[in-house]
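Trainee: Pasted the sequence and its predicted model underneath.
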Amino acid sequence: MSLVNVDSTRPRVLLLGVIEHAQSAWASVREIADIITPNSTQRAGFLREASSGAFDECVVAYRTFDSFAVTGKVDAELIDALPRSLRFICHNGAGYDQVDVPACTARGIRVSNTPSAVDDATADIGIFLLLGALRNLAVSMTALRAGQWRGETPPALGHDPQGKILGILGMGGIGRSMAKKALAFGMKIRYYNRTRLHPELEREMDAEYVDFKTLLAESDVLSLNLPLNPKTRHTISSKEFSRMKRGITIVNTARGGVMDEAALVDALNSGQVNSVGLDVYEEEPKIHPGLLENPRVMLVPHMGTYTIETQKKMEEWAISNVHAAIQSGSLRSIVPEQRDM
Ligand SMILES: O=CC(=O)O
């Protein structure tokens with residue numbers, strides 16, 4: 001543990017990860033709280049450090065997606081090692097599948113994420129992957145860099161987005177941003193979500209609400225925009241692929257685990273899925289070899305929010321949750337599962 005200028009009357013904040021961009025927002029936290037950072041670099045050490053009392057009296061933890069490398073999942077075991085004083089976990093990211101929310105709830109810890117800050121950047125990558133997968137750009141981009149122009153076997157002709165049905169599975173902020181951008185490419189929007197959108201929002205995106213089976217059956221392109229949790233794991237697997245139009249294109253900027261990667265490889269190999277654009281993988285940073293080998297797969301390494309502007313926005317949002325926790329004992333954006341807490 002390292003700690004600077006400790007004042008026992010000031011609240012303590014546990015910093016899990018690094019603040020890269022929002023330095024002035026973070027400085028304002030430093031003014032009102034003592035910041036504690038772990039020395040450990042892997043989970044076993046972190047658990048020992050936590051159990052030794054190094055983080056005692058911390059009230060809030062700020063965490064980044066990359067802090068997973070040090071702490072592993074924020075699960076019951078980790079929470080048990082953390083001090084009883086901890087009341088809030090402020091996650092920097094929209095997706096919070098690294099945090100076991102029911103385990104936090106059981107210990108009275110409230111969790112926040114950074115919704116909406118990520119919407120545009122993630123949808124932009126979604127559109128890039130959608131166009132890239134429709135146009136089979138992975139093949140020619142790789143060939144060009146290898147000095148082979150379009151390659152020995154030039155890519156098959158691609159498809160235009162105009163007039164195609166884009167099915168959006170999960171119509172939260174990213175799904176809605178994806179819909180608006182896809183409209184500009186002349187796509188027709190259908191969507192399925194647990195709760196139907198307000199009619200005004202549907203009109204804004206010219207989006208038609210359909211059931212899950214219809215979405216699978218009618219989409220030319222399917223975009224996955226749903227969060228990963230135990231209920232959504234492998235929402236798309238062999239049965240679902242078999243219900244899709246043959247030759248469909250799929251884009252996933254959500255989480256790898258919402259789609260069964262092994263079943264996806266089979267569906268690509270059989271031609272049931274024509275092409276795919278992926279930003280996320282089931283076991284990042286490992287990628288299924290069947291995806292790496294397949295030229296009809298367009299891959300980027302989880303870069304949905306990887307822009308200076310968006311990273312800064314996300315940090316500022318997560319820090320605003322730390323502020324709210326310290327100053328008013330509440331959170332700006334508590335995760336939906338805990339809204340009644
Ligand atoms: O993947 C990015 C995020 O969850 O914000």
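Mentor: Received, thanks.
Trainee: what pLDDT does the residue most central in space within the chain get?
Mentor: In the chain, the centroid-proximal residue (C-alpha atoms, centre = their mean) is residue 95; its distance is 4.2 Å. Looking at residue 95, its pLDDT reads 97.
Trainee: Then the one 4 residues further on?
Mentor: In this prediction, residue 99 carries a pLDDT score of 98.
Trainee: Check the burial of the residue nearest to it when sequence neighbours are not counted by counting its neighbours.
Mentor: Excluding its sequence neighbours, the residue lying closest to residue 99 (C-beta to C-beta, 6 or more residues apart in numbering) is residue 74, at 4.4 Å. In short, each C-beta sits where N, CA and C put it, glycine included. Neighbouring residues of residue 74 were enumerated by other C-beta atoms under 10 Å; the total is 25.
Trainee: In this structure residue 74 contacts residue 104, no?
Mentor: Yes. The criterion here is C-beta atoms under 8 Å, and residue 74 meets it with residue 104 at 7.3 Å.
Trainee: Between those two, which contacts overlap?
Mentor: residue 89 (C-beta atoms under 8 Å, 6 or more residues apart in numbering).
Trainee: Can you verify residue 167 is assigned to a strand?
Mentor: Yes. Residue state for residue 167 (DSSP: H, G, I helix; E, B strand; the rest coil) corresponds to a strand.
Trainee: mind listing what the closest residue to it other than its chain neighbours touches?
Mentor: Leaving aside its chain neighbours, residue 167 sits nearest to residue 219 (3.0 Å; criterion: C-beta to C-beta, 6+ apart). Contacts for residue 219 (C-beta under 8 Å, 6+ apart) come out as 165-167, 190, 244-245, 248.
Trainee: Next: residue 176.
Mentor: Counting by C-beta under 8 Å, 6+ apart, residue 176 touches 119, 197, 201, 205.
Trainee: before we move on, the earlier item: just the pLDDT for the residue nearest to residue 167.
Mentor: According to the prediction, residue 219 has pLDDT 99.
Trainee: now do residue 7
Mentor: 58.
Trainee: If I look at the nearest residue to residue 228 once chain neighbours are set aside, what pLDDT would I see?
Mentor: Sequence neighbours aside, residue 255 is the residue nearest to residue 228 in space, at 3.6 Å (criterion: C-beta to C-beta, 6+ apart). Looking at residue 255, its pLDDT reads 98.
Trainee: For burial, what's the neighbour tally of residue 255?
Mentor: Residue 255, neighbours per other C-beta under 10 Å, totals 22.
Trainee: ok, so what distance separates the closest residue to residue 160 other than its chain neighbours from residue 104?
Mentor: The shortest distance from residue 160 to any non-neighbouring residue, by C-beta to C-beta, 6+ apart, is to residue 134 (7.4 Å). Distance of residue 134 to residue 104, given as C-beta to C-beta, to the nearest Å: 40 Å.
Trainee: likewise residue 315?
Mentor: According to C-beta to C-beta, residue 315 stands 21 Å off from residue 104.
Trainee: again with residue 142
Mentor: In terms of C-beta to C-beta, residue 142 sits 43 Å off from residue 104.
Trainee: higher neighbour count, these two?
Mentor: residue 104 (24 against 13).
Trainee: Look up the closest residue to that one, ignoring the ones flanking it.
Mentor: Using C-beta to C-beta, 6+ apart and skipping residues adjacent in sequence, the residue nearest residue 104 is residue 111, 5.2 Å away.
Trainee: for residue 123, same thing?
Mentor: Once chain neighbours are set aside, the closest to residue 123 by C-beta to C-beta, 6+ apart is residue 177, at 3.7 Å.
Trainee: next one: residue 162
Mentor: Closest to residue 162 by C-beta to C-beta, 6+ apart is residue 186, at 3.7 Å.
Trainee: Surely the one you found is in a helix?
Mentor: No. The assignment for residue 186 (three-state DSSP) gives coil, which keeps it out of a helix.
Trainee: Make sure it is actually in contact with residue 165.
Mentor: No. Between residue 186 and residue 165 no contact is recorded; they are 11.3 Å apart, counting by C-beta under 8 Å.
Trainee: So between these two, which is more surrounded?
Mentor: Higher neighbour count among residue 186 and residue 165: residue 165, with 18 against 11, using other C-beta under 10 Å.
Trainee: Quick check: beta-bridge partners of the more buried one?
Mentor: residue 188 (DSSP bridges).
Trainee: Before I go, just wanted to say thanks for your time.
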